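*Asks:* Please work out how this folds:
(one chain, ligands or ions: 3)
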Amino acid sequence: MKALVYHGTKDVRIDKVPDAKIEKPTDVVVKITTTNICGSDLHMYEGRTDVEKGKVLGHENMGLVEEVGKAVDTVRVGDYVCLPFNIGCGFCANCERGLTGYCLTCAVPGSAGAAYGFAGMGPYSGGQAEYLRVPYADFNCLQLPADGKEKENDYVMLSDVFPTGWHATELAGISPGDSVVIYGAGPVGLMACLSATIRGASKVMVVDRQPDRLKLAEQMGATAIDDSKGDAVEKVLALTNGLGADCGCEAVGYQCHDHHGHEVPNLTMNNLVKSVKATGGIGVVGVFIPVDPGANDALAKKGQIAFDFGSFWFKGQKIRTGQANVKAYNRKLRDLITVGKAKPSMIVSHELSLDKAPEAYKNFDDKIKGWTKVILKPSL
Ligand SMILES: NC(=O)c1ccc[n+]([C@@H]2O[C@H](COP(=O)([O-])OP(=O)(O)OC[C@H]3O[C@@H](n4cnc5c(N)ncnc54)[C@H](O)[C@@H]3O)[C@@H](O)[C@H]2O)c1
Ligand SMILES: [Zn+2]
Ligand SMILES: [Zn+2]
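*Replies:* Numbers count the residues shown, from 1 in each chain. Ligands and ions are numbered 1, 2, ... in the order given. Just a heads-up that it's a prediction; the model follows:
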């Protein structure tokens, strides 16, 4: 089958690889109809992870079930399913508490959490390919309703960015009426913006410097803050009577930079401490990693940042972090799409064939204007 394979820094290619197949009786094989490129893929693309050469990337996947293992009960050939980017077993100590981003069964022994096509998240191949092997299929497949095909570009966002944006607001502890500041207007920040709106935020402020992305935030009803035009913290304080937002979300991660493009690894975290009110909550879904040998900052090489802990403590703030437990949210978020209350496809900028993936990676990584979210359709 055809698949997008990692060959090294900024070198991904479409290669012929062995077909995905049933390896355990609890597996299914899905024929991919849509698979997205994610900001998380860019950390690997830029050579800032230890992902191995030869890995098939792609963790935002949906499609039609092609083949079913002998022990699969509820999933049938021909079902339209969306797959959470985390692979869970459903029965380990973490999965049974809903923490499927930290599955102990599917993870590499000694760690927690597994994903398709991802550095450090187990041996699983990604879905930027014609077919994908899905382990523990009864647990992992989210069945889609009859409008699955028609709303495919919405439902595919249930694999990652919509639940991840929701998770950011959950970690931040948002309540109806709260004001919220979100750093990052990439797909994850925009989905946090959509989620905050659905959850009844009174004011959503989104900080970035990409005008096209900020415009999407405005279309969702948020106040866009372009930090290349002035200090974002001051703007948030001015918009919140000098107190700061009730809660804040980090949707950028360890490669956050100033608006000249220089990486400043502690920038978003310290800006959140400054722009969230005393006692406010901060939800961090942007990825931070334990070691980053490719960083140019001595602390960041060791996975550390100079965090304003004194101000954070003095303000009595709370912080929660981590991978989104997609299974905890995707069923209900699917239902919001079905009834028309959420339309996450509004962030899609490019719908391309799988063959175009290498140039799509380049354009998305270069943050070329208008390249907000790329979805790939192997059938095109
Ligand atoms: N926790 C999870 O489960 C999970 C899931 C998916 C993605 N992620 C992570 O979320 C992060 C965002 O993903 P994405 O797909 O939106 O990525 P993206 O790269 O498309 O978007 C990041 C955005 O952040 C902006 N940015 C950079 N520095 C900034 C700063 N200092 N202040 C404000 N904005 C800044 C960029 O201009 C860009 O628009 C990544 O780290 C990704 O790996 C986490
Ligand atoms: Zn993703
Ligand atoms: Zn598990």
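
*Asks:* Which parts of stretch 240-258 count as buried, going by neighbours?
*Replies:* Judged by neighbour count (16 or more other Cβ atoms under 10 Å), stretch 240-258 contains these buried residues: 240, 244-256. Backbone N, C-alpha and C define where each C-beta goes, glycine included.

*Asks:* Contacts only, for whatever residue of the chain ends up closest to ligand 2.
*Replies:* The nearest approach of the chain to ligand 2 comes at residue 38, 2.8 Å away (Cβ to the ion). Residue 38 sits next to 59, 60, 85, 160, 161, 187 when contact means Cβ atoms under 8 Å, 6 or more residues apart in numbering.

*Asks:* Tell me how many other residues crowd the fifth one.
*Replies:* Right, the one you point to is residue 161. As a burial measure, residue 161 scores 31 neighbours (other Cβ atoms under 10 Å).

*Asks:* That one against residue 344, yeah?
*Replies:* Yes. Residue 161 sits in contact with residue 344 when judged by Cβ atoms under 8 Å, with a separation of 7.2 Å.

*Asks:* List the ones among the contacts of residue 38 that fall in strands.
*Replies:* residue 60 (DSSP state E).

*Asks:* and the contacts of residue 38, which are buried?
*Replies:* Here, 16+ other Cβ under 10 Å leaves 59, 60, 85, 160, 161, 187 buried among these.

*Asks:* ok so, going back, shared neighbours, residue 161 and residue 344?
*Replies:* With Cβ under 8 Å, 6+ apart, residue 161 and residue 344 have common neighbours residue 191.

*Asks:* center of the chain - which residue?
*Replies:* Central residue of the chain (Cα atoms, centre = their mean): residue 161, 4.2 Å from the mean position.

*Asks:* that older thread, quick check, nearest of the buried residues of stretch 240-258 to residue 363?
*Replies:* residue 255 (17.4 Å; Cβ to Cβ).

*Asks:* ok, now how distant is that closest one from residue 295?
*Replies:* Separation of residue 255 from residue 295 (Cβ to Cβ, to the nearest Å) stands at 9 Å.

*Asks:* Mutual contacts of those two, please.
*Replies:* Common neighbours of residue 255 and residue 295 (Cβ under 8 Å, 6+ apart) are 48, 263, 265.

*Asks:* what's around the first one, how many residues?
*Replies:* To tie it back to what came earlier, the one meant is residue 48. Neighbours of residue 48 (other Cβ under 10 Å): 19.

*Asks:* coming back round to it: if we take the contacts of residue 38, which one ends up nearest to ligand 3?
*Replies:* residue 85 (14.5 Å).

*Asks:* and the closest residue to the closest one other than its chain neighbours, how far is that from ligand 1?
*Replies:* Nearest residue to residue 85, sequence neighbours excluded (Cβ to Cβ, 6 or more residues apart in numbering): residue 59, at 3.9 Å. For residue 59, the distance to ligand 1 equals 8 Å [Cβ to the nearest ligand atom, to the nearest Å].

*Asks:* follow-up on the earlier one: give me the subset of the shared contacts of residue 255 and residue 295 lying in helices.
*Replies:* In helices, judged by DSSP state H, none of these are found.

*Asks:* Can you tell me which of these lies closest to ligand 3?
*Replies:* Nearest to ligand 3 among these: residue 48, at 27.6 Å, using Cβ to the ion.

*Asks:* got a list of what the residue lying closest to the closest one once chain neighbours are set aside touches?
*Replies:* Excluding the flanking residues, the one nearest residue 48 by Cβ to Cβ, 6+ apart is residue 294, at 4.7 Å. When contacts are counted by Cβ under 8 Å, 6+ apart, residue 294 touches 46, 47, 48.

*Asks:* now do residue 220
*Replies:* Going by Cβ under 8 Å, 6+ apart, residue 220 touches 190, 193, 194, 197, 204, 346.

*Asks:* Got the phi and psi for it?
*Replies:* Backbone torsions of residue 220, given as degrees, to the nearest 10, read phi -90, psi 0.

*Asks:* Give me the pLDDT for it.
*Replies:* On pLDDT, residue 220 comes in at 97.

*Asks:* Over to residue 74?
*Replies:* 98.

*Asks:* mind checking the SS state of the spatially closest residue to it that is not a sequence neighbour?
*Replies:* Closest residue to residue 74 apart from its sequence neighbours, by Cβ to Cβ, 6+ apart: residue 138 at 5.1 Å. Classification of residue 138 using DSSP: H, G, I helix; E, B strand; the rest coil returns helix.

*Asks:* just the helices in the stretch 51-200 of the chain please.
*Replies:* 137-140, 152-155, 161-172, 187-198 (DSSP state H, counting those that start in this stretch).

*Asks:* typo on my end, the stretch 201-350 of the chain
*Replies:* Secondary structure of the stretch 201-350 of the chain by DSSP H, counting those that start in this stretch: the helices cover 211-219, 232-239, 267-275, 298-301, 309-314, 330-338.

*Asks:* Buried ones in the shortest one, by neighbour count?
*Replies:* Buried residues in helix 298-301, counted by 16+ other Cβ under 10 Å: residue 300.

*Asks:* Is it positioned near ligand 1?
*Replies:* No. Using Cβ under 6 Å from any ligand atom, helix 298-301 stays clear of ligand 1, coming no nearer than 13.8 Å.

*Asks:* Enumerate the residues of this structure near ligand 2.
*Replies:* Contact residues, the chain versus ligand 2 (Cβ under 5 Å from the ion): 38, 40, 60, 160.

*Asks:* just to revisit the earlier point, take the helices of the stretch 201-350 of the chain and write them to a markdown table, including distance to residue 29.
*Replies:* Output for the helices of the stretch 201-350 of the chain, formatted as a markdown table (distance: least, Cβ to Cβ, whole Å):
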| stretch | distance to residue 29 |
| --- | --- |
| helix 211-219 | 35 |
| helix 232-239 | 46 |
| helix 267-275 | 39 |
| helix 298-301 | 40 |
| helix 309-314 | 47 |
| helix 330-338 | 21 |
